[in-house]
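Visitor: pasting the sequence and the predicted coordinates here, then a few questions.
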Amino acid sequence: MKKIFSIFILLLFIPYSYAQEMLGLINSNYSGIYGIASNPANMSGSKLYLDFNLLSVQTFFDNNYIYWDKDDLMTFLKTRETPVYYTEENEERSYSIFRDNESKNGFQDIKIIGPSAMVAYGEHAFAVTTGLRSMTSFKNLPADMAVFLYEAIDYQNLHNINFLHEKRIATSSLAWAEVGFSYSYNFYRYKWDSWSAGITIKPLIGLDAAYISIDNVDYKVHYDDSASVYNVAFEYGYSLPIDYV
């Protein structure tokens, strides 16, 4: 479990996130099933005429909140030894945080490609794909709240300070399953020129979703066992299949 968490932390160092994942794989001449995510017509140009997938996992997490030091990252890559950081109360953590005054933002995407198959026959190509997706994000998390989440409520440097935040704080998460049916047709091929068209029909099956939106909050942490929330306005929503009621 510790190694899995370490790999997850390693993903935080990806500096930018793009809407299309696995760019090196899906643009390959041997992309097969994976090329469908970019364009179903890619099946006609793939060097693979038959492709199967049992299980593939891809994920990334981009944020300006938690990190590893550069030296600790290099040590982990060489020895797989997870770094250890400490809070002000000397509690162990597997990561550190940026302690600037900027609001914190983050985004995570997890993509699981399940049993899938693709076959190309002459000018035609067909595929059936399955998968699970999950996306989570947080936006405008105030620096003081970020520190409390890391240090816990007993962080004395922020005690007895009135914090007022009027900029919307938001976090949301969504998970769904998907089943895709793809078809492509290579309608023109001559020397170096090749033209193909493709289509994917992909029903989405929602699994669960949740969000919190805080319009404003006024609070103070007095001691390690008490805090006051003077005013707060927020919305909360949660959804999941409940067909057994």
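Guide: Here it is on my side, so go on. Numbers count the residues shown, from 1 in each chain.
Visitor: helix or strand right after the helix or strand that contains residue 72?
Guide: Secondary structure from DSSP states H and E places residue 72 in helix 70-79. With elements assigned by DSSP H and E, the helix or strand that comes after helix 70-79 is strand 85-86.
Visitor: packing partners for that following strand?
Guide: The contact analysis (3 or more C-beta pairs under 8 Å, 6 or more residues apart in numbering; DSSP states H and E) places strand 85-86 against strand 92-93. Glycine gets a C-beta too; all of them are placed from N, C-alpha and C.
Visitor: partners of the strand it packs on in the sheet?
Guide: According to DSSP bridges, strand 92-93 has the following sheet partners: strand 85-86 (antiparallel).
Visitor: state the mean pLDDT of the strand it pairs with.
Guide: Rounded to a whole number, the mean pLDDT of strand 85-86 is 90.
Visitor: stretch 172-184 now?
Guide: pLDDT averaged over stretch 172-184 gives 96.
Visitor: same check, this time on stretch 218-230
Guide: 94.
Visitor: likewise for stretch 31-51?
Guide: Averaging pLDDT along stretch 31-51 yields 89.
Visitor: over to stretch 190-197?
Guide: Here the average pLDDT along stretch 190-197 is 88.
Visitor: quick one: buried residues of it?
Guide: residue 196 (16 or more other C-beta atoms under 10 Å).
Visitor: what distance separates it from the middle of the whole chain?
Guide: Stretch 190-197 has its average C-alpha position 36 Å from the chain's average C-alpha position, going by C-alpha atoms, centre = their mean, to the nearest Å.
Visitor: do you know how far residue 216 is from residue 228?
Guide: Residue 216 is 15 Å from residue 228, where distance means C-beta to C-beta, to the nearest Å.
Visitor: cool, and residue 170?
Guide: Residue 170 is 23 Å from residue 228, where distance means C-beta to C-beta.
Visitor: which of those two has more neighbours?
Guide: residue 170 (17 against 10; other C-beta atoms under 10 Å).
Visitor: thank you kindly, that will do.
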